[in-house]
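J.: return atomic coordinates for the entry below.
(one chain, ligands or ions: 1)
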Amino acid sequence: MNVLVINCGSSSLKFQLINSESEEVLAKGLCERIGIDGRLTYQPAGGDKAVSEKAMPTHTEAIQFVIDALTDAETGVVKSLDEIGAVGHRVVHGGEKFASSVVITEDVLKAIEECNDLAPLHNPANLIGINACQKLMPNTPMVAVFDTAFHQTMPEKAYLYGLPYEYYEKYGVRRYGFHGTSHSFVSKHAAEFLGLDLDNSKIIVAHLGNGASISAVLNGKCVDTSMGLTPLEGLVMGTRSGDMDPAIMEYLAKKEDLDMAGVMNVLNKKSGVFGLSKGLSSDFRDLTAAMNDGNPYANAAIEVFCYRVAKYIGSYSAAMNGVDAIAFTAGIGENVAIVRQKVCECLEYLGVSLDQEANKLFGDDRLISTADSKVKVAVIPTNEELAIARETVALV
Ligand code: AMP
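T.: Numbering: from 1, shown residues only. Now for the predicted structure:
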C-alpha cells in the first residue's frame, strides 16, 4: 500500500509518499507560504527536485497541488488517487486522550480540537491539514499519529510538576513530552540493532535536532522524557532555552521591560545555542566551525549543550536504575561526533567507553562504543515519516 504522510504547519505542509511493503519513499516535498502566496517543492524518487510558485490561499489548494504532482503524467509516481491507500497525519498534541495512533473519525477530530489549548500553534494547523485532505480524498482512510502518545506510559511521579495539584486537574498542566514518534522508532530500532530484548531493556534515546529531547525507555515503554507541557523544557536547543530557573522570567521582564509574550519569545526564539553563541547560529555546522576557529561563545554554546545532555542521561539512568544502551539520533545526534564525544566523556562512571574511531564515521545504524563498554552506545538515524507510515498501515 502507498501511504501519504502529511506533516502540516500553520503555513507549510511537508509530505512523503511511502510504499509500505518496500518502505521506499516514492516522492516527497513541501508546500510553503500557504496563505501568503505559495511555493511547492516536489521530488520524485531518483528524479530532480522541482520548485514552482503556486497560489495557495488555503491548505486545500496546497494539498490539491500535492495530489496533482503525485499523479502528474510525467513526473508523478502514481496513476491516480486510488493508488494512495491511506493518509498518516502527524498531530503534535494528543493530551491525555491519545496513548497511541488512531483512525480519524468525527469523535477523534473533536478530541484533537480539545487539545488545541495545549499546542495553540500546532494542533489547529494539524486539524486544517486533516480537514483539507478529507475534502479532497473523502474515501481514503486517515490516521492521526501523535507526538505525545509514546510518552503517555510515564508514571505520575514523572509527569507531575511540583505545582498545586488543581492545575493538573483543571488545566491539564503536566509533562506530556514530544518527538514521541522518533523516541518510539529509535528505541525499538536500537534494541533490534544491538540485539537487546526490548521487553527487558533500559534504553536512553537522545533526539538531538534543532528541537531536542531525551527519553528513558524501560522495557519498551517511556518512563520519562525531557520536554514538558510544551517543547520548551529540557535540553538546550537550537533557539530554545530548555530548563532554567523560572524566576528568570520575572527578572528579565523587569530588566528588559518585556511582557510575558516578549519573555516567551526570548526563551523560544532567541535562546539555546543561538543565544549562547551571541546570535552566531543555531546550526551545529556553523558552531563547530567557529569553535575550531577559537570563538569562545560557540565553544560555550557547545559545552552547555553537551553538559545538559550528559546530565539528563545521568538522571535517566537513575530513573531506570541502570542503562543498557544510549541511542543518539536526529540532525545533531547523527552528524556531530564532537557532541557525542563530549557527552560520553561525562558518562565513563556508568561504564560508557566510546570507540573514538567509530564515533568519527558517518553512515546508517552504527555502534560507537567499544566491545567492552558496559553500556552500548549507538547512532540510530530517526525516520519519523516511515514511523508514521508504519503506524498508519497497522491501523488501516
Ligand atoms: P533536525 O531538527 O533533526 O533536522 O536537526 C537539524 C540540526 O542538525 C541543524 O540545525 C544542525 O545543527 C544539525 N545538523 C544537521 N546536519 C548536520 C551535519 N551534517 N553536520 C552538523 N550538524 C548537522
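J.: show me how far the lengthiest strand in the chain is from its chain's centre.
T.: For the chain, the longest strand by residue count, based on DSSP state E, is strand 24-32. Centre-to-centre, strand 24-32 and its host chain are 18 Å apart (CA atoms, centre = their mean, to the nearest Å).
J.: pull the residues that contact that strand.
T.: Contact with strand 24-32 is made by 2, 11-19, 38-45, 56, 62-63, 65-66, 69-70, 76-78, 385, as judged by CB atoms under 8 Å, 6 or more residues apart in numbering. From N, CA and C alone the C-beta is placed, and that goes for glycine too.
J.: list buried members of the residues you listed by neighbour count.
T.: Among the contacts of strand 24-32, those classed as buried by 16 or more other CB atoms under 10 Å are 2, 11-19, 38-40, 42-44, 56, 62-63, 65-66, 69-70, 76-78, 385.
J.: next step: these restricted to helices.
T.: Mapping those onto helices (DSSP state H) picks out Ala62, Ile63, Phe65, Val66, Ala69, Leu70, Glu385.
J.: who's in contact with the first one?
T.: Right, the one you point to is Ala62. Applying CB under 8 Å, 6+ apart, we find Ala62 in contact with Leu13, Cys31, Ile34, Gly38, Leu40, Met56, Ala132.
J.: return the subset of the buried ones among the contacts of strand 24-32 lying in strands.
T.: Among the buried ones among the contacts of strand 24-32, the members found in strands (DSSP E) are 2, 13-19, 39-40, 42-44.
J.: now the strands for the stretch 51-200 of the chain?
T.: For the stretch 51-200 of the chain, applying DSSP state E, counting those that start in this stretch gives strands covering 86-91, 102-103, 142-146.
J.: got JSON lines for those, with distance to the ligand, mean neighbour count and mean pLDDT too?
T.: Shown next, in JSON lines, are the strands of the stretch 51-200 of the chain (distance: least, CB to the nearest ligand atom, whole Å; neighbours: other CB atoms under 10 Å; pLDDT from 0 to 100):
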{"stretch": "strand 86-91", "distance to the ligand": "14", "mean neighbour count": "25", "mean pLDDT": "98"}
{"stretch": "strand 102-103", "distance to the ligand": "26", "mean neighbour count": "18", "mean pLDDT": "98"}
{"stretch": "strand 142-146", "distance to the ligand": "17", "mean neighbour count": "27", "mean pLDDT": "98"}
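J.: may I see these arranged in a markdown table, with distance to Asn268 as well?
T.: Listed next are these as a markdown table, based on distance: least, CB to CB, whole Å:
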| stretch | distance to Asn268 |
| --- | --- |
| strand 86-91 | 20 |
| strand 102-103 | 29 |
| strand 142-146 | 21 |
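J.: does the ligand have contacts with stretch 283-300?
T.: Yes. For stretch 283-300, a contact with the ligand is found by CB under 6 Å from any ligand atom, at Asp283, Phe284, Arg285.
J.: which among the residues you listed count as buried?
T.: Buried by 16+ other CB under 10 Å: Phe284, out of the residues of stretch 283-300 next to the ligand.
J.: out of the residues of stretch 283-300 next to the ligand, who's nearest Asn123?
T.: Asp283 (27.8 Å; CB to CB).
J.: quick check: closest non-adjacent residue to Glu53.
T.: Arg39 (5.6 Å; CB to CB, 6 or more residues apart in numbering).
J.: tell me the contacts of Lys278?
T.: With contact taken as CB under 8 Å, 6+ apart, Lys278 is in contact with Tyr297.
J.: how about a cut-off of 10 Å?
T.: For Lys278, the contact set (CB atoms under 10 Å, 6 or more residues apart in numbering) comprises Asn295, Pro296, Tyr297, Ala298, Ala300, Ala301.
J.: perfect, I'm done here.
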